[in-house]
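# The sequence isn't on hand, but the structure is:
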């Protein structure tokens with residue numbers, strides 16, 4: 001892939017950081033963006049530029065500066081966050097922040113990059129979804145909604161981009177050892193007084209254990225890099241453990257009642273507190 005250029009968002013931490021490093025090792029010229037970056041080229045050869053995907057002007061400024069380094073043969077979008085909380089008690093503003101980062105951030109980037117790819121006769125767009133883009137788990141309503149939005153949007157984009165040689169791929173990771181609690185805040189209303197408190201504690205403890213003991217993020221980065229090397233990329237690339245693949249299969253084929261029972265047994269081991 002010598003001479004190929006990739007732009008990548010959300011590259012300061014988590015799966016974006018590991019994916020950027022893997023692409024660089026694979027021979028790509030990597031132009032990486034994140035809110036915490038100042039403009040520089042690191043010793044690892046990655047060009048880092050400031051980028052806030054929730055800010056249209058920041059997106060445009062990143063794309064203008066990145067184009068000076070090299071027009072994108074591929075765009076990889078990893079920027080994301082979640083808010084842990086019940087659907088009832090997660091504020092509308094908290095939902096908005098998650099959707100603005102995870103989903104609309106991709107929309108903003110794509111609107112800038114698509115004309116460049118059309119003019120060049122093609123390109124590859126990779127959008128990080130999640131297992132949560134395929135099924136919902138308790139107390140991740142905002143995150144799950146944003147990932148479901150990405151799944152549907154990517155299908156539309158794939159159909160529209162095909163005549164122009166633009167390929168689209170969804171990466172659907174399961175739990176990986178990565179990320180920071182900075183990007184996993186708890187909804188402000190989730191306190192011990194919440195009627196969901198016991199179930200919430202059970203579920204978030206399980207989520208934390210699964211992430212802490214999750215898969216190797218370096219392996220995921222290598223898989224993304226290898227897949228991008230192909231002439232044709234798949235619409236979906238799920239990178240998950242065997243039990244998470246099984247959970248998707250249960251959700252798809254065994255019906256809502258069985259799926260709900262399995263997920264409640266796994267995440268919620270305590271009965272909800274009855275109001276006084």
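Here it is on my side, so go on. It should be emphasised that the depicted structure is a prediction, and the values quoted were computed from it without experimental measurement.
# rest of the way, CA atoms for contacts and neighbours
Noted.
# and the helix or strand bottoming out on mean pLDDT in the chain, what other elements does it pack with?
Every helix and strand of the chain was ranked by mean pLDDT, DSSP states H and E. The lowest is helix 242-253, at a mean of 84. Here helix 242-253 touches helix 255-267, going by 3 or more Cα pairs under 8 Å, 6 or more residues apart in numbering; DSSP states H and E.
# contacts for the helix it packs on?
With Cα atoms under 8 Å, 6 or more residues apart in numbering as the test, helix 255-267 has contacts from 137-138, 202-204, 206-207, 250-251.
# Out of those residues, grab the one that's most surrounded.
Sorting the contacts of helix 255-267 by how many neighbours each has (other Cα atoms under 10 Å) puts residue 203 first, at 23 neighbours.
# Was I right to think that one contacts residue 85?
No: if you go by Cα atoms under 8 Å, residue 203 and residue 85 don't touch, sitting 10.2 Å apart.
# one step back: which residues are contacting the least confident helix or strand of the chain?
Helix 242-253 has contacts (Cα under 8 Å, 6+ apart) with 131, 134-135, 174, 258-259.
# Pretty sure residue 213 sits against residue 178.
No: with contacts counted by Cα under 8 Å, residue 213 stays clear of residue 178, the gap being 10.1 Å.
# These two: who's more crowded?
Under the criterion of other Cα under 10 Å, the comparison of residue 213 against residue 178 puts residue 178 first, with 19 against 12.
# In three-state terms, label the more buried one for me.
Under the three-state scheme (DSSP: H, G, I helix; E, B strand; the rest coil), residue 178 adopts coil.
# List the residues that contact it.
Residue 178 is in contact with 13-15, 211, 217, counting by Cα under 8 Å, 6+ apart.
# Recalculate using a threshold of 7 Å.
Listed by Cα atoms under 7 Å, 6 or more residues apart in numbering, the contact partners of residue 178 are 14-15, 217.
# same thing with residue 7?
30-32, 72, 74-76.
# Could you do residue 16 as well?
Residues in contact with residue 16 (Cα under 7 Å, 6+ apart) are 9-10, 78.
# which one among those residues gets closest to residue 188?
Among those, residue 10 lies closest to residue 188 (Cα to Cα), at 24.5 Å.
# ok, and the closest non-adjacent residue to the closest one?
Among residues not flanking residue 10 along the chain, residue 79 sits closest, at 3.7 Å (Cα to Cα, 6 or more residues apart in numbering).
# hang on, the earlier thing: buried residues in the least confident helix or strand of the chain, which are they?
If you call a residue buried by 16 or more other Cα atoms under 10 Å, then helix 242-253 has these buried ones: 244, 247, 250-251.
# How are the strands of the stretch 51-200 of the chain distributed by residue range?
Listed in chain order, the strands of the stretch 51-200 of the chain (DSSP state E, counting those that start in this stretch) span 74-77, 123-128, 166-173.
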